[in-house]
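1. I would like to see how this sequence folds:
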Amino acid sequence: MLYFAPWKTALVLLVTLAGLVTAAPNLLSKQQLSALPSWMQLPQINLGLDLRGGSHLLLEVDTSAVLRERLEAVVEGAREELRKERIGYTNLGITGGNVVGLRLRDAAQANRARELLVKLGQPLQGGAFNLGAGATDLQLDISAEGVVRMTLSEQAVRERARSAVAQSMEIVRRRIDQTGVNEPTIQVQGSDRILVQLPGVDDPERIKRLLGTTAKLTFRMVDTNADPNMPPPPGTEILEGDKPRIPNAPVERYVVKRKVEVAGDNLVDAQAGYDQRSGQPIVSFRFDTVGGRRFAEITQQSVGLPFAIVLDNKVLSAPVIREPILGGSGQISGNFSVTEANDLAVLLRAGALPAPLKVIEERVVGPDLGADAIRAGIIAIIIGFVLVNLFMIAAYGLFGAFAVFAVTLNLALILGILSAMQATLSLPGIAGILLTIGMAVDANVLINERIREEARLGKSVIASLDAGFSRAFSTILDSNLTTLIAMAILFAVGSGPVRGFAVAISVGIITSMFTAILVVRMMMVKWLKISRPKSLAV
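-> Here you go, the predicted model:
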């Protein structure tokens with residue numbers, strides 16, 4: 001008992017110093033911390049939505065838009081394949097539900113039409129469904145009268161909806177990360193909803209605009225022979241510009257071909273900048289190899305023709321191709337403000353949403369409510385801390401004072417570790433810290449009670465202390481391990497504040513074992529060497 005290895009003493013001192021240094025920044029305000037030299041600006045604990053204030057959004061994914069987009073692709077594909085083989089048809093379109101229908105002019109061409117239309121099906125393999133090689137998402141049926149029905153299978157409908165929600169959540173996460181929000185909470189709720197919590201957001205309307213924009217970018221040719229004030233020819237549609245080119249003037253209309261020449265999926269980068277000639281904000285973009293090659297082919301074939309840059313069915317601009325663009329990059333200009341150009345670049349870098357998102361619930365937590373919660377949490381921690389310490393001193397005297405020091409150090413280590421981890425602290429996290437204060441003295445109570453039992457049996461001071469630590473160790477380890485396992489399960493299956501609670505408890509258990517087993521033992525060894533008592537008061 002009297003021997004405490006020097007390396008253990010060095011470890012205790014180093015861990016204590018590191019914990020105090022990393023916990024110290026939490027005593028300063030953001031302004032005070034930023035005034036310090038950069039090498040002293042250590043991270044602080046991030047506060048959750050309930051403590052810091054911010055925005056709470058519940059978004060609904062419009063999965064029906066994904067299905068309709070797939071059906072429209074089938075319509076365009078059927079038109080192109082049948083026209084290529086000169087197979088006549090009528091009434092091509094979406095007939096209701098998840099069905100695309102048409103009628104062949106000559107029923108005798110049904111077999112050839114089947115060979116062409118069956119190519120429009122997409123494989124249904126992987127993900128939640130695996131129907132085997134050759135299975136597709138389209139069920140094709142042609143009657144003896146030449147009536148064709150192409151129906152999306154139920155498996156395809158479910159899989160596309162599930163995939164749309166998963167992809168939407170990932171893109172929402174990318175967009176929010178681009179804005180620099182610290183520790184957002186993003187998770188799926190139900191089958192088609194996404195919960196977004198953004199601590200400290202001071203411009204929730206901008207976040208809503210970013211999340212509510214689908215950002216589906218396409219590059220399509222403009223039909224210069226069609227009148228935008230007349231019904232559009234087959235294979236085209238009329239789209240409006242995103243804003244008037246001249247203030248107070250009507251928004252321009254364009255007849256744009258439905259065929260997508262280059263998709264925004266091929267973009268690899270987008271950055272806001274300024275046009276070198278006009279000085280106006282622009283967004284420059286760059287394609288991947290496939291997109292760059294296709295972009296070069298289209299611009300080579302279409303010199304002198306307008307090329308529409310379409311974002312969410314709004315024409316951002318329709319410049320005339322003056323010369324082939326072979327570098328795989330270009331720029332978008334559209335009378336943007338600086339903020340609009342930055343936001344558009346964020347949207348394009350993050351990627352397009354597979355389906356529109358609708359905000360169905362919005363709550364704003366004010367910083368005053370967060371300040372009240374912090375104040376209440378601090379008061380609760382102080383009261384719990386004082387009561388536990390008073391009990392320990394009253395029950396165990398000097399050894400209780402050692403435990404008080406250990407609990408104080410334990411609290412500093414918890415704050416230091418949470419700061420170093422850049423963890424998010426919410427009200428459940430504060431509850432977890434408060435709970436660990438009580439749990440932190442459990443090990444000291446076990447050790448002190450065991451020491452008392454050994455002393456009552458007539459053992460010497462050194463033997464009593466040695467037995468107290470050695471025999472209580474297995475009980476301490478077992479109880480803490482079971483709690484850590486429970487917290488690991490809670491972290492794995494939980495989310496948001498539940499995970500924060502699990503992290504706070506887990507960190508508190510680890511630090512309490514360190515302070516009870518090493519720090520308290522070191523202090524008792526130093527006390528023994530200095531005072532050399534003949535007996536223990538039991």
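2. where does this protein have its least confident helix or strand?
-> Across the helices and strands of the chain, mean pLDDT, DSSP states H and E gives its lowest value to helix 49-52, namely a mean of 74.
3. Which strands or helices does the helix or strand following that one pack on?
-> As assigned by DSSP states H and E, the chain's next helix or strand after helix 49-52 is strand 54-61. Judged by 3 or more CB pairs under 8 Å, 6 or more residues apart in numbering; DSSP states H and E, the packing partners of strand 54-61 are helix 154-179, strand 193-199, helix 204-212, strand 357-365. In this view, the C-beta of every residue, glycine as well, is placed from N, C-alpha and C.
4. Apply 6 Å and report the result again.
-> helix 154-179, strand 193-199, strand 357-365 (3 or more CB pairs under 6 Å, 6 or more residues apart in numbering; DSSP states H and E).
5. Tell me which residue is most central in the protein.
-> Centroid-nearest residue in the chain, with CA atoms, centre = their mean: residue 173, separated by 3.8 Å.
6. tell me the domain ranges of the protein?
-> Taking automatic domain parsing as the reference, the chain has its domains at 6-51+367-531, 63-159, 213-363.
7. what about the strands in the stretch 401-538 of the chain?
-> Assigned by DSSP state E, counting those that start in this stretch, the strands in the stretch 401-538 of the chain fall at 424-425.
8. where does it dip in pLDDT?
-> Scanning the stretch 401-538 of the chain for pLDDT under 70 picks out the ranges 495-496, 537-538.
9. hey, where'd the helices end up in it?
-> 427-456, 461-493, 497-514, 520-531 (DSSP state H, counting those that start in this stretch).
10. For the closest residue to residue 223 other than its chain neighbours, give me its contacts.
-> Using CB to CB, 6 or more residues apart in numbering and skipping residues adjacent in sequence, the residue nearest residue 223 is residue 255, 4.4 Å away. Each residue near residue 255 by CB atoms under 6 Å, 6 or more residues apart in numbering is listed here: 223, 226, 228, 232, 236, 238.
11. Residue 284 falls within a strand, correct?
-> Yes. Residue 284: assigned to a strand according to DSSP: H, G, I helix; E, B strand; the rest coil.
12. How much space separates it from residue 215?
-> 16 Å (CB to CB, to the nearest Å).
13. Settle it for me: which of these two has more neighbours?
-> residue 215 (21 against 18; other CB atoms under 10 Å).
14. mind checking the SS state of that one?
-> When classified by three-state DSSP, residue 215 comes out as coil.
15. closest to residue 178 out of the domains of the chain?
-> Across those, residue 178 has its closest neighbour in domain 213-363 (4.4 Å, CB to CB).
16. what is the rounded mean pLDDT of the closest one?
-> Mean pLDDT, domain 213-363: 84.
17. Tell me how many other residues surround the closest residue to residue 429 other than its chain neighbours.
-> What sits nearest to residue 429 in space, not counting adjacent residues and going by CB to CB, 6+ apart, is residue 500, at 4.1 Å. Using other CB under 10 Å, the number of residues around residue 500 comes to 26.
18. residues in contact with residue 500?
-> Counting by CB under 6 Å, 6+ apart, residue 500 has contacts 424, 426, 428-429.
19. Fine, thanks again, bye for now.
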